[in-house]
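Engineer: structure for this input, please:
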Amino acid sequence: MDTLLHADIFFFVTTIAVVVFTIALTVLIVYLVQLCRSLRKIADAVDEEVILVRQDMNDLRNGIRKRGEQASTAISWIGQLFGVNNKSRSKKKSKKE
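Structural biologist: Purely as a prediction, here's the structure:
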């Protein structure tokens, strides 16, 4: 009888431990799912910002190229106005070297 009582106590304590462990594990999984959802939202927001930054950089690069072309055109126009020939300068430099 004493052994049977010890076995009942053991199974009762084990059942309580398994139930508590299962509840704790369930709560942990719920929090992990919420954390993963939050991380997914953050990653999506970062992806959108990266796309916007990439577009801004392309716009900036194109603006710099356009302004560079405008400056080059303006410089060559001023050079033509004063009679400076860029082609003859480059040939003279290459002959001297």
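
Engineer: can you give me phi and psi for residue 82?
Structural biologist: phi -100, psi 0 (degrees, to the nearest 10).

Engineer: ok, it to residue 76 distance?
Structural biologist: Residue 82 sits 11 Å away from residue 76, going by Cβ to Cβ, to the nearest Å. Heads up, the C-betas are built off the backbone N, CA and C, glycines and all.

Engineer: of those two, which one has the most company?
Structural biologist: residue 76 (12 against 6; other Cβ atoms under 10 Å).

Engineer: before we move on, which element is the more buried one in?
Structural biologist: helix 2-81 (DSSP states H and E).

Engineer: quick check: mean pLDDT of that helix?
Structural biologist: What helix 2-81 shows for mean pLDDT is 92.

Engineer: mind checking how far that helix is from the chain centre?
Structural biologist: The chain centre lies 9 Å from the centre of helix 2-81; the measure is Cα atoms, centre = their mean, to the nearest Å.

Engineer: what sits against residue 61?
Structural biologist: By Cβ atoms under 8 Å, 6 or more residues apart in numbering, no residues touch residue 61.

Engineer: how near is it to residue 55?
Structural biologist: 11 Å.

Engineer: now do residue 5
Structural biologist: 75 Å.

Engineer: next: residue 26.
Structural biologist: Distance from residue 26 to residue 55, by Cβ to Cβ: 44 Å.

Engineer: what's the answer for residue 12, then?
Structural biologist: As judged by Cβ to Cβ, residue 12 and residue 55 stand 65 Å apart.

Engineer: swap in residue 39?
Structural biologist: Separation of residue 39 from residue 55 (Cβ to Cβ) stands at 25 Å.

Engineer: over to residue 4?
Structural biologist: On the measure of Cβ to Cβ, residue 4 and residue 55 end up 76 Å apart.
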